[in-house]
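In: What shape does this take:
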Amino acid sequence: MSRDSMQSLDPELRGIVAELMDGFVTLDDIPAARVIAAETMKAMMAQTPVAGGVQVEERTILGPPGAPDVPVRVYRPGARQDSLPALLWIHGGGYVLGSIEYEDPMCSRLAAEGECTVVAVDYRLAPEHPFPAALEDCYVALKWMTESARESGIDPGRIAVGGASAGGGLAAGLALLSRDRGGLDVVFQLLVYPMLDDCNVAPACDMQPDTLFWTRSNNLIAWRSYLGREPGEEGISCYASACRASDLTGLPPAYIAVGDQDLFAVEDIDYARRLIEAGVPTELHVYPGGCHGFDMLASEAGISVRFAADLTRALRRALHQRP
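Out: Take a look at the predicted model:
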């Protein structure tokens with residue numbers, strides 16, 4: 001970690017980031033990384049409040065053809081019985097880490113403040129299950145939300161997809177896939193520092209310095225694990241790496257948020273630009289001094305509070321047509 005990279009961070013993040021760097025997860029040993037990441041997430045959850053008044057239900061839905069069933073966790077605000085808009089939430093972890101077990105703070109907050117049902121999907125992880133396993137798990141979750149809307153109290157005409165990091169990449173891929181397959185309408189995509197470009201795997205150097213927490217080395221290993229082949233090659237599907245899509249027309253409105261110290265900043269900004277050029281209503285927020293996952297690392301910092309407020313305002317506006 002260079003002095004310059006620390007100085008580029010938001011002042012409120014510097015001390016917290018310095019403390020956390022000793023427990024930094026690398027993907028050289030993915031099983032070990034999963035254990036470390038799980039311990040870190042448990043510690044973060046213990047310090048992060050879960051929104052009150054949100055009902056949580058565990059469900060298992062029919063998996064893709066020939067694949068296992070898919071666990072989902074459903075969050076519903078209060079005891080409301082009316083039909084609510086809904087968000088399919090896809091967790092992060094570089095396609096190789098994470099689970100819905102650690103999404104309670106985010107999903108309960110989005111359900112309460114966004115006044116919507118949130119469905120978190122526990123998709124299969126790479127490298128054991130490379131593309132398209134995770135995406136197909138997300139697709140059947142979206143299909144279940146649409147087809148069971150009456151039973152689940154979901155308004156089928158107001159379903160959004162969203163996620164953070166690799167979850168944002170899966171949400172972007174799912175928006176493309178649902179557009180092209182037809183039959184499942186998505187009204188909004190909530191992309192939180194999304195992992196979109198498999199070509200962004202060049203090694204760190206003076207011209208391309210490394211980034212905090214999610215490094216270039218991790219990015220290469222994660223993409224290689226998810227794709228089951230070398231990233232950056234020809235012939236990789238746009239549903240795996242949304243930046244490869246040549247046609248972005250007809251996609252649902254998008255909200256993209258990223259810190260300027262995030263490895264994904266440039267690819268996210270470029271994707272937002274291309275969405276705008278394709279006529280897709282797009283809102284882009286770039287947070288000066290924000291590294292990857294800064295909102296989870298320091299949820300009480302001013303930059304994180306602004307980030308969370310902007311996110312829920314965008315979700316409310318998209319699903320309810322009001323601030």
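
In: is it true that Arg229 lies in a helix?
Out: No: going by DSSP: H, G, I helix; E, B strand; the rest coil, the assignment for Arg229 is coil, not a helix.

In: list the contacts for it?
Out: If you count contacts by CB atoms under 8 Å, 6 or more residues apart in numbering, Arg229 has them with Ile236. To be clear about C-beta, it is placed using only N, CA and C from the backbone, and glycine gets the same treatment.

In: Against Ala309, how distant is Phe264?
Out: Going from Phe264 to Ala309 by CB to CB, to the nearest Å gives 21 Å.

In: Asp198 too?
Out: For Asp198, the distance to Ala309 - CB to CB - is 32 Å.

In: do Lys143 as well
Out: For Lys143, the distance to Ala309 - CB to CB - is 32 Å.

In: do the same with Gly15
Out: In terms of CB to CB, Gly15 sits 23 Å off from Ala309.

In: Show me the helices in the stretch 101-250 of the chain, by range?
Out: Assigned by DSSP state H, counting those that start in this stretch, the stretch 101-250 of the chain shows helices spanning 104-114, 133-147, 149-152, 166-181, 216-227.

In: correct me, but Val140 touches Ile61?
Out: Yes: using CB atoms under 8 Å, Val140 is in contact with Ile61, at 6.4 Å.

In: Show me which of these two is the more surrounded one.
Out: Val140 (21 against 18; other CB atoms under 10 Å).

In: The more buried one - nearest residue in space that isn't next to it in sequence?
Out: Pro64 (5.5 Å; CB to CB, 6 or more residues apart in numbering).

In: Now for the one you found: which residues touch it?
Out: Under the contact definition (CB under 8 Å, 6+ apart), the residues listed for Pro64 are 133, 136-137, 139-140.

In: Contacts only, for Asp295.
Out: 303-304, 307-308.

In: ok, now Glu57?
Out: Contacts of Glu57 (CB under 8 Å, 6+ apart): 73-74, 76.

In: Now with 10 Å, please.
Out: By CB atoms under 10 Å, 6 or more residues apart in numbering, the residues touching Glu57 are 72-76, 119, 152.

In: Go ahead and list the helix or strand containing it.
Out: strand 54-61 (DSSP states H and E).

In: quick check: angle from that strand to helix 104-114?
Out: Using axes from the mean of the first three to the mean of the last three CA atoms, to 10 degrees, one finds that strand 54-61 and helix 104-114 are set 110 degrees apart in direction.

In: Each with direction, which strands does strand 54-61 pair with?
Out: Strand pairing for strand 54-61, determined by DSSP bridges: strand 70-77 (antiparallel).

In: Tell me which helix or strand comes right after the strand it pairs with.
Out: Next helix or strand after strand 70-77 toward the C-terminus (DSSP H and E): strand 84-90.

In: That next one pairs with which strands?
Out: strand 117-121 (parallel), strand 154-164 (parallel).

In: quick one, the shortest one and helix 166-181 angle?
Out: By that I understand strand 117-121. 100 degrees.

In: where does the stretch 51-200 of the chain have low pLDDT?
Out: 79-81 (pLDDT under 70).

In: 80 - rerun?
Out: Scanning the stretch 51-200 of the chain for pLDDT under 80 picks out 51-52, 79-82.

In: how near is the residue nearest to Leu184 when sequence neighbours are not counted to Val96?
Out: Excluding the flanking residues, the one nearest Leu184 by CB to CB, 6+ apart is Ser178, at 4.4 Å. Ser178 sits 24 Å away from Val96, going by CB to CB.

In: Between those two, point out the one with more neighbours.
Out: Neighbours were counted for Ser178 and for Val96 using other CB under 10 Å; Val96 has more, 25 against 22.

In: Pretty sure the more buried one sits against Ala222.
Out: Yes: look at Val96 against Ala222 with CB atoms under 10 Å: they come within range, at 5.7 Å.

In: re the thing from before, out of Asp198 and Ala309, which sits in the busier spot?
Out: Asp198 (27 against 11).
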